[in-house]
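predicted model, plus sequence, below.
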Protein chains: 2
Amino acid sequence: MEAQSPRARRRGRPPKCAEGGRETRELLLRAGLEALTEKGFAATGIDEVLRRVGVPKGSFYHYFESKEAFGIELIEHYGAYFVRKLERHLTDESLPPLERLQAFIAEAQAGMVKYEYRRGCLIGNLGQEMGALPESFRARLNGVFADWQARVARCLSEAQAAGEISELANCDQLAAFFWIGWEGAVLRSKLERNSDALKIFADGFLTGLLCR
Amino acid sequence: MEAQSPRARRRGRPPKCAEGGRETRELLLRAGLEALTEKGFAATGIDEVLRRVGVPKGSFYHYFESKEAFGIELIEHYGAYFVRKLERHLTDESLPPLERLQAFIAEAQAGMVKYEYRRGCLIGNLGQEMGALPESFRARLNGVFADWQARVARCLSEAQAAGEISELANCDQLAAFFWIGWEGAVLRSKLERNSDALKIFADGFLTGLLCR
DNA sequence: GAAGATATTAGACCGATCGTCTATTAAATA
DNA sequence: TATTTAATAGACGATCGGTCTAATATCTTC
């Protein structure tokens, strides 16, 4: 007895290598991301995040000023992570522009399947919760959407230049349309626990692109 | 002193007419709807709902078995309320089918404006929160979507019969597409506090309808 | 119209959560 | 080695959410 978990019962700064490489701060962000994409901000407690990682509470407020600050950082973190994923596809010169977008959609779909439709989009989740969130979140969330949208718009412009879609199409508007609908599709997909909504939206969007 | 609020300090069943006509239960549902469309389920406390109506806590558990039961009832309540709104437009024989849908969209948009984009769609809100909600909610939420979707599909079929949209269109799929995207638009609209997303989605959807 | 039965309210209660604070100890520094 | 700094441990108070028990007005019935 007295054993407890390996970390328990021992206060103070831990041995350097005990962390196994990954920093505690990173672990907290990762666990927070998982929790928030599943359950949102309000429904996720700090304690729960800490428990997942096996870190005691005291540490949290060493790394983050407050839950709000933690949330803000998660938004940036996730936004940037998603931009990388997006750009990896959208700038893939080996494919024609429209197929790049399709490749991104396919990966995003696979991501939903991977977590059995339990996790959604952090930005969408928090947007829905906005009514109960610190106002400081609003601008960041909008900023992330604006960024994502601009990148899709650029890709659509390239599709236009390549003659894949009509000269008449308004790429900015179409990109906005894409993200509006995609977030809706993620939401439904999470609710129904299948890919139907993702497929229906992706199909409909691409069909709509071609006949303008 | 000793005055307090008119209701305070007096336990037991209150005088009959004190209610002013509206039943307490109705008031709770109404206030709950407001709160949940703004902030979601998890972020809304019973206390807060009660405070809005000026009813003490004890009453709540007389009318509802639990917060969960309250939520379920709100879903039904809201689902039915929305079906009435939807049907009022979709069965309006004085307009051609497609314009009926547009009329519904216009009213829904006006609703968002009316509450300054603070309130969203209860069903969408709860869907997003599903990860933190009682499983019992899932089936109900899906049921409501299925209902709404079937009604829009019927309207689209009528549009098809009237020659407003192509014979080739798959009305069920289009109706699904509509609700997927509309929920996304409401979310964005709430986040950005303007109608841009609603307009972009509605325009894009209708344009897409016509060129199939 | 008195005596239960029922509907409805008042608010105590317990547990969870948030953010803070102090104590403790490993590492870095000089 | 002595001192400072980084990081963790976990108790604590305040608040709040959800549930439950007690109290009381009205209804019912004879």
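Thanks, I have it.

longest helix anywhere in chain A?
helix A:136-161 (DSSP state H).

roughly how far is that helix from the heart of the chain?
How far helix A:136-161 lies from its chain's middle: 14 Å, per CA atoms, centre = their mean, to the nearest Å.

what's it packed up against?
Contacts defined by 3 or more CB pairs under 8 Å, 6 or more residues apart in numbering or on different chains; DSSP states H and E place helix A:136-161 against helix A:67-90, helix A:97-114, helix A:122-129, helix A:171-192, helix B:171-192. For every residue, glycine as well, the C-beta is placed using N, CA and C.

reformat those helices as a markdown table; add mean pLDDT.
Formatted as a markdown table, the helices and strands packed on helix A:136-161 follow (pLDDT from 0 to 100):
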| stretch | mean pLDDT |
| --- | --- |
| helix A:67-90 | 94 |
| helix A:97-114 | 98 |
| helix A:122-129 | 92 |
| helix A:171-192 | 97 |
| helix B:171-192 | 97 |
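
wait, which of the ones you listed is closest to DNA strand D?
Checking the helices and strands packed on helix A:136-161 against DNA strand D by CB to the nearest atom of the strand gives helix A:67-90 as the closest, at 12.6 Å.

what helices or strands is the closest one leaning on?
Applying 3+ CB pairs under 8 Å, 6+ apart, we find helix A:67-90 packed against helix A:24-39, helix A:97-114, helix A:122-129, helix A:136-161.

and the residue of chain A closest to chain B?
A:Gly184 (2.6 Å; CB to the nearest CB).

how many residues are close by that residue?
28 (other CB atoms under 10 Å in any protein chain shown).

isn't A:Lys39 up against B:Glu129?
Yes. Using CB atoms under 8 Å, A:Lys39 makes contact with B:Glu129 at a distance of 7.3 Å.

so what sits against both of the two?
B:Ala42 (CB atoms under 8 Å, 6 or more residues apart in numbering or on different chains).

more neighbours: which of those two?
The residue with more neighbours, out of A:Lys39 and B:Glu129, is B:Glu129; 27 against 23, by other CB under 10 Å.

mind checking how far the residue lying closest to A:Arg140 once chain neighbours are set aside is from A:Gly32?
Distances taken as CB to CB, 6 or more residues apart in numbering or on different chains put A:Ile75 closest to A:Arg140, at 4.8 Å, once the chain neighbours are dropped. When distance is defined by CB to CB, to the nearest Å, A:Ile75 is 11 Å away from A:Gly32.

for those two, indicate the residue with more neighbours.
Set side by side, A:Ile75 and A:Gly32 show more neighbours around A:Gly32, with 28 against 21, by other CB under 10 Å.

so who does the more buried one touch?
By CB under 8 Å, 6+ apart, the neighbours of A:Gly32 are A:44, A:49, A:70, A:74.

in chain A, which residue sits closest to DNA strand D?
A:Gly58 (2.2 Å).

from A:Ile46, how far off is that residue?
Note on A:Gly58: its distance to A:Ile46, by CB to CB, is 11 Å.

who's more crowded, these two?
Ranked by neighbour count (other CB under 10 Å), A:Gly58 and A:Ile46 place A:Ile46 first, with 17 against 9.
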